[in-house]
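Enquirer: Sequence and predicted structure are below.
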Amino acid sequence: MAFMVAEVYATHYRGGTFYYKRLGKAKIRVFWRLSFQLINYYPEYYCNEVGDNLIAENLLALTCIDCGTNTTILTPLKLKCTSISQEMGWSLLDGQVDYMADRKEFTMAFKTIDTCTDSSWIKLENYGAGKCWSLLTKVDTSIKNDSPQVQAGLPVYRVRHGCKRLIDLNPTDGDGDPTKCRWANDDECPEGRDSNDVNRVCGRATSLTKLYQEECKIEFITGEDDLQGWYGASVMIEDFPDKTYRKAKSTVPFQFLLDVTAPGSCVGPKIDLEECSVIAPGETWDSEVTASIQKGSDASIITEIQGSYPSGMTMSYVKGSEPRKKVVKAKLSFTPETEGTYVFSFTATDENGVQNDPKSGRLIVSTDGLPFEQQVSPPVILSEQSTPVVNSEYEGTDAFWKIKFDSPVTRPKTKALIKIQDMQGDVVAKYNALDNDVVRFPDSDPTIVQYPAPSGLEGGKGYVVFVESGFGERVWTTPCGRSAKAVSDTAMYNFKIPKPPEPEVECGDSYIKVRIPKTYVNNIPASELHLHDTRCKIEDNDPMYYQIEFGYDECGTIIKRSSKSKTKFFNTIRDDPKPIFTGAPVTRAKHKIEMQIICEMRGVGVNDVFFKPVAAVNPEKYKATGEFKTYLKMYEDSSYNKDITGTASVELKETLYFSAKSTSSKDVAIESCRAMAKFGTCTENDKKYTFIENGCGVDSSVSLTPSGLDHRFSIKSFGFLQYGLTNEVFVKCKMVSCKPGASSSRCADLKRGNCSRRRRSIGNFEEESDTFMTFRM
């Protein structure tokens, strides 16, 4: 580590700072800015005008304290006048020198060659008279680092007794490191005049002075016991790798004076200036600083504008707006050749010598310093990099789709939608950018926006992604901190969902193999799909397809000979909807999947040879005729006016109306009714469903109603879970017929709905008969 210390003998010291730039291992460029009293008695520090080159006193030397060789860096120091204040009586003097040390870490000191004597500082109210001063800078070239610096620090700040002053040191760091400020500690204080001098100039100016370390701002307050006069202060500026580090990379000093004057109005001149500008290297920056008398001031004219600014910047009063006026203007001009941030600070005095808080500004010199309005352009959607890609067939399975922009975007503050529309303009999905739970603006890639992939898009159809204006915002901030917003324009682009692949059926010599695209069945789990025989489950061994392979005589396959040379084999892949109740063979819910598999085989094959054994007995045939005494009719509605002939096609849960009738004017009553699949699966899954038993409804939807000699009932339609070729339902009812008007007959008993009574003897009714009917789901 390195320390720079400066000590002088006379009372003309007004403050200063040191900092450095690393040039290589053990090599640095040292910069200094010192302030001295502007008086002819000290010609080494007296500036006639800005730009004068001076040579400091010979008793001052810049040295490396702990170096083994080349310990004297420079003596005397070369100085260049940067700024002058006749009103405040000081000059600012800059200088620099390159130095190669014999080690990577070392201590520099700027000090007098002999022992420090009194009168070094002006008489200080907080420390006394004849105090030594010193500047300290730590140097460590083992790391790539440039120290922080204070370019805008004024040597003297004036404040009236009872008032306060806020000083913004505005430090900068060439590496962009975060900086903090603190008061100097004992190890960084100047040495005393002698062994009896323990009250060294070190730290804060008064007990009420506050230092805001993060902001590097100092609030100077005078208390009732503080006297008028001069107060010295010493601050250390440090840079860190980041804000969490406690150990500084480097530390540099800044020392200054506070001049407390007689009480009066605390309102000093107002300063107006351009607080931040961006230019390119070699470009000339011209601006103005204005000082004016404010309301509440006890003064009427401005006497001078004082400033601390980079070496090479010039300040000249505007003609007609020179000092001794209520408003004073000065022109600033600067042509920097090197990139970086240049900081300046200005204040002014009125005829009472009163100042206000200084005001700072920054000039950022950068090759990226384009005009602000040229940097802000609306973000543009890159449809060829979005999902889906413009004019493409989207075959992906992404959970989230994305919109790609040509620049980073942020979530808008107002409602903006993405709509997925079909070619007729109907919206099938929409997403609001304000919905944080649905639409994502990922930090990992701020150029994209993600939203859930829409469901229900139909294969073979085209769609449009419509993005409303303002869905993406681009916020751009200049190096000066100004920001603007540009929003994306309305955009739309087409895509198409390809027609899904069709299932594949392979009719082999001894097997049937079926491959089904998962998307074709909406990715229903394979465990929910089976053949006629529910034990024959679909297999899931492929990322894109389900498949199953079975023999021609397996899994409930139905065989039909369609001609002498052709045989057809039928099976069905289906799912099981929820039954009416647990264990019931019927349902009132629709199947999601119903795929009939047909293999038509020609020629000699596994199942197309039939034979009749010679040992078979020739059958004898006996034939007779008969007539059902009762029958069942189905009607269109509850009026029972129009019956339905043939097999009716009905919807699930549709109410069906039936009536039991007699062919011979007998009284008819329904004993029981049951249903079965007209075409079974020829497996153990073929079950019957009884919905009327002993004249009473077993199914909760059954309603039985007598009507004269007829017996009517209604029921909500249902279908079988398992069936063969088609889902036709076969209904069989057992009826009894009786003599009309017999109140004690079985018919009368059944029509009264007496479900709990036992079945009567045969003498109480004349005849039992079965009746059949079918309907198709």
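Expert: Yep, it's here. Numbering: from 1, shown residues only.
Enquirer: Could you pick out the longest helix of this protein?
Expert: Secondary structure of the chain read by DSSP state H shows that its longest helix is helix 746-751.
Enquirer: Return the distance of that one from the chain's centre.
Expert: How far helix 746-751 lies from its chain's middle: 75 Å, per CA atoms, centre = their mean, to the nearest Å.
Enquirer: Please put the alpha-carbon coordinates of it into CSV.
Expert: Provided in CSV are the C-alpha atoms of helix 746-751 (Å, rounded to 0.1, in the frame of the first residue of the first chain):
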residue,chain,number,x,y,z
ARG,A,746,-100.9,-58.5,-11.1
CYS,A,747,-101.2,-55.7,-13.8
ALA,A,748,-103.1,-53.5,-11.4
ASP,A,749,-100.6,-54.2,-8.7
LEU,A,750,-97.6,-53.3,-10.9
LYS,A,751,-99.3,-50.1,-12.2
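Enquirer: Average pLDDT for it, rounded please.
Expert: For helix 746-751, mean pLDDT rounds to 89.
Enquirer: now for it, which elements pack on it?
Expert: Judged by 3 or more CB pairs under 8 Å, 6 or more residues apart in numbering; DSSP states H and E, helix 746-751 is in contact with strand 667-677, strand 710-716, strand 728-738. Where C-beta positions appear, they are placed from N, C-alpha and C, glycine not excepted.
Enquirer: Ala748 reaches Pro740, doesn't it?
Expert: No - look at Ala748 against Pro740 with CB atoms under 8 Å: they stay out of range, at 10.0 Å.
Enquirer: who touches both of the two?
Expert: Asp667 (CB atoms under 8 Å, 6 or more residues apart in numbering).
Enquirer: in the longest helix of the chain, what's buried?
Expert: By 16 or more other CB atoms under 10 Å, the buried positions in helix 746-751 come out as Arg746, Cys747, Ala748, Asp749, Leu750, Lys751.
Enquirer: Please apply the same query to stretch 547-559.
Expert: Gln547, Ile548, Phe550, Tyr552, Glu554, Cys555, Gly556, Thr557, Ile558.
Enquirer: Then stretch 696-712?
Expert: Buried residues in stretch 696-712 (16+ other CB under 10 Å): Gly697, Asp699, Ser701, Leu704, Pro706, Leu709, Asp710, His711, Arg712.
Enquirer: And for stretch 82-91?
Expert: Thr82, Ser83, Ile84, Ser85, Glu87, Met88, Gly89, Trp90, Ser91.
Enquirer: Just list the residues touching the fourth one, thanks.
Expert: If you count contacts by CB under 8 Å, 6+ apart, Ser85 has them with Leu38, Ser91, Val156, Glu304, Gln306.
Enquirer: before we move on, what about the fifth one?
Expert: Glu87 is in contact with Thr303, Glu304, Gln306, Thr349, Gly353, counting by CB under 8 Å, 6+ apart.
Enquirer: what's the farthest-apart pair in those residues?
Expert: Pairwise distances across these peak at 11.7 Å for Gln306 and Gly353 (criterion: CB to CB).
Enquirer: Counting neighbours, go ahead and name the busier of these two.
Expert: Using other CB atoms under 10 Å as the criterion, Gln306 and Gly353 rank with Gln306 on top: 26 against 18.
Enquirer: and the more buried one, bridged to which residues?
Expert: Thr347 (DSSP bridges).
Enquirer: any idea how far it lies from Leu154?
Expert: Here Gln306 is placed at a distance of 7 Å from Leu154 (CB to CB, to the nearest Å).
Enquirer: what residues do the two have in common as contacts?
Expert: Thr347.
Enquirer: Next, give phi and psi for Gln435.
Expert: Just so we're on the same page, residue 435 is Asp rather than Gln. phi -80, psi 100 (degrees, to the nearest 10).
Enquirer: What about it, how many residues nearby?
Expert: Count around Asp435 with other CB under 10 Å applied: 12.
Enquirer: what's the answer for Lys144, then?
Expert: 10.
Enquirer: Contact partners for it?
Expert: Arg22, Asp175.
Enquirer: Out of the helices and strands in the chain, which is least certain?
Expert: Lowest on mean pLDDT, DSSP states H and E among the helices and strands of the chain sits helix 372-375, with a mean of 50.
Enquirer: residues contacting the residue nearest to Phe334 when sequence neighbours are not counted?
Expert: Leaving aside its sequence neighbours, Phe334 sits nearest to Met313 (CB to CB, 6 or more residues apart in numbering; 4.1 Å). By CB under 8 Å, 6+ apart, the contact list for Met313 reads Leu332, Ser333, Phe334, Tyr342, Phe344.
Enquirer: Narrow the residues you listed to those that are buried.
Expert: Leu332, Phe334, Tyr342, Phe344.
Enquirer: for those residues, which one is nearest Gly460?
Expert: Nearest member of the buried ones among the contacts of Met313 to Gly460, counting by CB to CB, is Tyr342, at 65.7 Å.
Enquirer: Run through the bridge partners of that closest one.
Expert: In beta-bridge terms (that is, DSSP bridges), Tyr342 pairs with Leu363.
Enquirer: Could you pull up the contacting residues of it?
Expert: Gln151, Tyr309, Pro310, Met313, Phe334, Pro336, Arg362, Leu363, Ile364, Val365.
Enquirer: Let's see that with 10 Å instead.
Expert: By CB atoms under 10 Å, 6 or more residues apart in numbering, the contact set of Tyr342 is 151-152, 172, 277, 279, 285, 309-313, 334, 336, 361-365.
Enquirer: next one: Thr587
Expert: By CB under 10 Å, 6+ apart, the contact set of Thr587 is Asp576, Pro577, Lys578, Pro579, Ile580, Phe581, Leu652, Phe718, Gly719, Phe720, Leu721, Met777.
Enquirer: Give me the subset of those lying in helices.
Expert: Going by DSSP H, the helices hold none of the contacts of Thr587.
Enquirer: would CSV of the contacts of Ser85 with distance to Arg204, secondary structure and pLDDT be doable?
Expert: What follows is the contacts of Ser85, written out as CSV (distance: CB to CB, whole Å; DSSP: H, G, I helix; E, B strand; the rest coil; pLDDT from 0 to 100):
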residue, distance to Arg204, secondary structure, pLDDT
Leu38, 27, coil, 91
Ser91, 26, strand, 95
Val156, 17, strand, 96
Glu304, 28, strand, 97
Gln306, 23, strand, 97
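Enquirer: among those residues, which two are most distant?
Expert: Ser91 and Glu304 (13.7 Å).
Enquirer: joint contacts of the two?
Expert: Ile84, Ser85.
Enquirer: about what we covered before: how about the buried ones among the contacts of Met313, which pair is most distant?
Expert: Top of the distance list for the buried ones among the contacts of Met313 (CB to CB): Leu332 and Tyr342, 11.1 Å.
Enquirer: And the closest residue to Lys104 other than its chain neighbours, its phi and psi?
Expert: Distances taken as CB to CB, 6+ apart put Ser142 closest to Lys104, at 4.4 Å, once the chain neighbours are dropped. Backbone dihedrals for Ser142, given as degrees, to the nearest 10, come out at phi -70, psi -20.
Enquirer: what about the stretch 151-300 of the chain, any weak spots by pLDDT?
Expert: 193-196 (pLDDT under 70).
Enquirer: Which parts of it are strands?
Expert: Applying DSSP state E, counting those that start in this stretch to the stretch 151-300 of the chain gives strands spanning 156-160, 164-168, 172-173, 179-183, 210-212, 217-221, 229-239, 250-261, 270-273, 276-279, 285-292.
Enquirer: and of these, who's closest to Ala660?
Expert: Once CB to CB is applied to the strands of the stretch 151-300 of the chain, the stretch that comes out nearest is strand 276-279, at 97.2 Å.
Enquirer: residues in contact with that closest one?
Expert: With contact meaning CB under 10 Å, 6+ apart, strand 276-279 is reached by 285-287, 334-336, 341-342, 360-366, 368-372, 478-482.
Enquirer: And Tyr20, how close does it get to Leu77?
Expert: In terms of CB to CB, Tyr20 sits 15 Å off from Leu77.
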